[in-house]
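**Q** need a structure here:
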Amino acid sequence: MAKGSKKTSIIPLGDRVLVRLLPREEKTASGIIIPDTVSGDRSDNRRGTVMAVGEGKYDDGVKVPMHVKGGDEVLFQWGEKVEIDGDEYYVVSESNILAIIK
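**A** Here you go, the predicted model:
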């Protein structure tokens, strides 16, 4: 980072979540190498780490709490791809997060 510059802070609104993609596995558990032609983004499901979480949404005047938190590893689909300070992220509605990976 250049002297005097600072990292941008992103705070998602409502029920949105900021997710950074995890690197793709290039080898299976048994040691088979997966070529680029197969490992390309062929499905809508992605794995990532939650970087920031909105405050939640309101349903009939009642705030619905978020189910994910910063640092959670999640499986998600859809989302708006954004670039922030040279890094790629996805802004995803919590309803598009399919699971928390433990």
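**Q** Near Lys63, how many other residues are there?
**A** 10 (other Cβ atoms under 10 Å). Placement of C-beta: from N, CA and C, glycine included.
**Q** Check the offset of the helix or strand where it lies from the chain's centre.
**A** Assigned by DSSP states H and E, Lys63 falls within strand 62-64. Relative to its chain's centre, strand 62-64 lies at 23 Å (Cα atoms, centre = their mean, to the nearest Å).
**Q** Give me the residues contacting it.
**A** Asp15, Glu55, Gly56, Lys57, Tyr58 (Cβ atoms under 8 Å, 6 or more residues apart in numbering).
**Q** Show me what it pairs with in its sheet, parallel or antiparallel.
**A** Pairing partners of strand 62-64, with direction, according to DSSP bridges: strand 57-59 (antiparallel).
**Q** Give me the buried stretch members for the partner strand, please.
**A** By 16 or more other Cβ atoms under 10 Å, the buried positions in strand 57-59 come out as Lys57.
**Q** Contacts for that strand next, please.
**A** Strand 57-59 is contacted from outside by Gly14, Asp15, Lys63, Val64, using Cβ under 8 Å, 6+ apart.
**Q** same check, this time on stretch 83-102
**A** Residues from elsewhere that reach stretch 83-102 (Cβ under 8 Å, 6+ apart): 7-8, 10, 12, 15-21, 45-48, 51, 54, 66-68, 72-82.
**Q** Name the helix or strand of the protein that has the lowest mean pLDDT.
**A** helix 36-39 (a mean of 52; mean pLDDT, DSSP states H and E).
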